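Q: fold the following and give me the result.
(2 chains)
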2 protein chains.
Amino acid sequence: MSQSNALAEAYKQTNYQLSGHGRRNIQILKESINDLNELQESDMYGKGKIIEDFQAKVAAYLGKESAVFFPSGTMAQQIALRIWCDKKQLRKVAYHPLSHLEIHEEDGLKKLHHIESVLLADKTRLIEMEDVLNMQEDVACLLLELPQREIGGQLPDFKTIEQISSYCRNEGIMLHLDGARIFEILPYYKKSAVEICNLFDSVYISFYKGIGGIAGAILAGDKNFTNESKVWKRRHGGDLISLYPYIVSSDYYFEQRLDKMNQYYEYAKEIAELFNQCFAVSTLPIQPVSNMFHVHLSISKDKLETLLTSIYKKTEIGFTSFVKEKSEESCYFEISIGDAIVKIPKEKLKKAIQMLNESMEENHN
Amino acid sequence: MSQSNALAEAYKQTNYQLSGHGRRNIQILKESINDLNELQESDMYGKGKIIEDFQAKVAAYLGKESAVFFPSGTMAQQIALRIWCDKKQLRKVAYHPLSHLEIHEEDGLKKLHHIESVLLADKTRLIEMEDVLNMQEDVACLLLELPQREIGGQLPDFKTIEQISSYCRNEGIMLHLDGARIFEILPYYKKSAVEICNLFDSVYISFYKGIGGIAGAILAGDKNFTNESKVWKRRHGGDLISLYPYIVSSDYYFEQRLDKMNQYYEYAKEIAELFNQCFAVSTLPIQPVSNMFHVHLSISKDKLETLLTSIYKKTEIGFTSFVKEKSEESCYFEISIGDAIVKIPKEKLKKAIQMLNESMEENHN
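A: Residues are numbered from 1 along each chain as shown, chains lettered A, B, ... in the order given. So this is what the prediction gives:
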């Protein structure tokens, strides 16, 4: 067994996990439908009370005219960008070099929609107002991801978003929000979802990140936009006869967890502080601005995997199931706080992170 | 309320329905997961025991090397055709003018994949060997839909499929099966799924038609083909973090209904005979070759809707929730037999169809 596999296996065997809401198993589905009336009718190809009610509810929550439920964010976002490109008759959009569209979608945007990407900022930092001002090419749409997941979930100042939004409106550039984790950033900004979404022409949100549903996404905007998105949803093969298993579970966990985002955020800051006390370990950002952050360590990926595997076995606490290489002598992993954290006895957790500290010191000597 | 809406509403209120497996409500999901172990792990982006086991099981059932679970047939089939077009470096495929790809997918194949369609045969009949021989253009792939749903679920002779298959292999044309309803045609052909699929390079099957699942599809072929299909599945936004709600329900109803296809077929023939005894009514085909058939009536759509609405209210039996116009003075509807038929007392059913006969006669006079 490779060291990576051993780590993943040891993580599975732990009693407690730092990230997430607990194991992703069939119980998640069972719990979410348990109290539903079994006579409630399925949606039918995007129509019916069960889907329309949820779409209306989320549209209101986001302050948008209309919303459409999608099986995935990959599908929803490609379609949003395509609609804006068609509107502007320009197949070019701007986003961060580590946008989900650029690194996790097998180039769907390019291969299916023939849309070119203009990459703003560089991989190590957020898009700032200056990057937008200095853009060398015309684009139909600018996509902002809040928080920027691949760099630890960093966030720009709210003022920056306001400036970018007002600039884009003046310049006729459509502004789209990759808000997969929008719920998770409200406590930091001390804003409502409506206040944030007001700055954007279209918004995508996800139901299986902070919300902890099974899968599913919403795309919201004005009525023309969402009507067009339904046509593309069918073209993509996303207009399923029944999406209700995702809808009812999204709704269930939306209701359960929406009010917990502040709690997750406070935990994230507390846990990050513990990691930052460890030798040759620092979090990105140093102080989290949402429920998530990255833990960077000056040690090779291989060595950290061995070391974590041992810590998991001794403490029954899992930090992460996988580690990403940064350089030969450094690596990092992601923490995303949810309900699971509450179950870990604090002393046990402190001991586990203290064990990481000691192992890092030993490794250095 | 329009006459069409009145019909749909009256259909909903009936105690018995001719088509399908009963109402599509949340009970379908509840029943299918009731006995599952809640600790069973979710699939993760196409990986994990729950998805891999089912894919292997269906691949074996179809006699193909490999299979991939998709959220929808629309997605699966566009991708199959794209892979074959890329392989042949030719963006052209042939299929029936009433193929799902041509009439139900908002031109996804053309808009997303820039693949042109060559239409074989005409809207009123099946593709025959001659249509393939006389094809004026080179194509990468030929798609056959068995049964041809939009013309009442007709089927070619098995010999014709064998001839087309052998011709395509000689000519280097890839042959794809739209087998959404493959289970439903096995009793007529007296063949196994393997014997049919052997004639095709790739096969798509659906789990919510004869099988009565919630949604979901399988695309099967050789390992290279299915590996490529996974990349496109991600591009389309179909590689969800969790597809298990569709997988477990597909598996559940697959096990439940696979052996009932002969029973559905026998019922279909019996019911079609009753309709054919009515005045100005005939089924297409006259004798069904699967669980499905169309009922054609020499009466305007509007008038039939009024007439059916009244029959539903009197008999508590629903034939269909909607009627399609054929011409000003003729229309038709589809029957697709499943578990629901068993619940209808035979005398009640005969009386309802007799009532249709009388109403059609009255309408004529």
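Q: which residues of the stretch 201-350 of chain A fall in helices?
A: For the stretch 201-350 of chain A, the helices defined by DSSP state H, counting those that start in this stretch cover A:223-236, A:244-257, A:261-276, A:301-315, A:346-364.
Q: whoops, the stretch 51-200 of chain A was the one
A: For the stretch 51-200 of chain A, the helices defined by DSSP H, counting those that start in this stretch cover A:73-88, A:100-103, A:108-113, A:129-133, A:158-171, A:186-189, A:193-197.
Q: now those helices in JSON lines, with distance to residue A:230 and mean neighbour count?
A: For glycine as for every other residue, the C-beta is placed from the backbone atoms N, C-alpha and C. Formatted as JSON lines, those follow (distance: least, Cβ to Cβ, whole Å; neighbours: other Cβ atoms under 10 Å in any protein chain shown):
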{"stretch": "helix A:73-88", "distance to residue A:230": "9", "mean neighbour count": "25"}
{"stretch": "helix A:100-103", "distance to residue A:230": "21", "mean neighbour count": "18"}
{"stretch": "helix A:108-113", "distance to residue A:230": "17", "mean neighbour count": "22"}
{"stretch": "helix A:129-133", "distance to residue A:230": "30", "mean neighbour count": "16"}
{"stretch": "helix A:158-171", "distance to residue A:230": "25", "mean neighbour count": "16"}
{"stretch": "helix A:186-189", "distance to residue A:230": "28", "mean neighbour count": "18"}
{"stretch": "helix A:193-197", "distance to residue A:230": "20", "mean neighbour count": "18"}
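Q: closest residue of the stretch 101-250 of chain A to chain B?
A: Of all residues in the stretch 101-250 of chain A, residue A:237 sits closest to chain B, at 2.6 Å by Cβ to the nearest Cβ.
Q: in JSON lines, list the helices of the stretch 201-350 of chain A along with mean pLDDT and mean neighbour count.
A: JSON lines is the format used below for these (pLDDT from 0 to 100; neighbours: other Cβ atoms under 10 Å in any protein chain shown):
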{"stretch": "helix A:223-236", "mean pLDDT": "98", "mean neighbour count": "21"}
{"stretch": "helix A:244-257", "mean pLDDT": "98", "mean neighbour count": "23"}
{"stretch": "helix A:261-276", "mean pLDDT": "98", "mean neighbour count": "19"}
{"stretch": "helix A:301-315", "mean pLDDT": "97", "mean neighbour count": "20"}
{"stretch": "helix A:346-364", "mean pLDDT": "96", "mean neighbour count": "16"}
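Q: which one of the ones you listed lies closest to residue A:86?
A: Nearest to residue A:86, of all those, is helix A:223-236, at 8.1 Å by Cβ to Cβ.
Q: quick one, that closest one and helix B:73-88 angle?
A: Helix A:223-236 and helix B:73-88 meet at an angle of 60 degrees, taking axes from the mean of the first three to the mean of the last three Cα atoms, to 10 degrees as the criterion.
Q: packing partners of helix A:223-236?
A: strand A:66-70, helix A:73-88, strand A:217-221, helix B:73-88, helix B:108-113 (3 or more Cβ pairs under 8 Å, 6 or more residues apart in numbering or on different chains; DSSP states H and E).
Q: direction included, what does the third one pair up with?
A: Based on DSSP bridges, the strands next to strand A:217-221 in the sheet, each with its direction, are strand A:66-70 (antiparallel), strand A:202-206 (antiparallel).
Q: gap between the first one and the chain center?
A: Relative to its parent chain, strand A:66-70 has a centroid offset of 18 Å by Cα atoms, centre = their mean, to the nearest Å.
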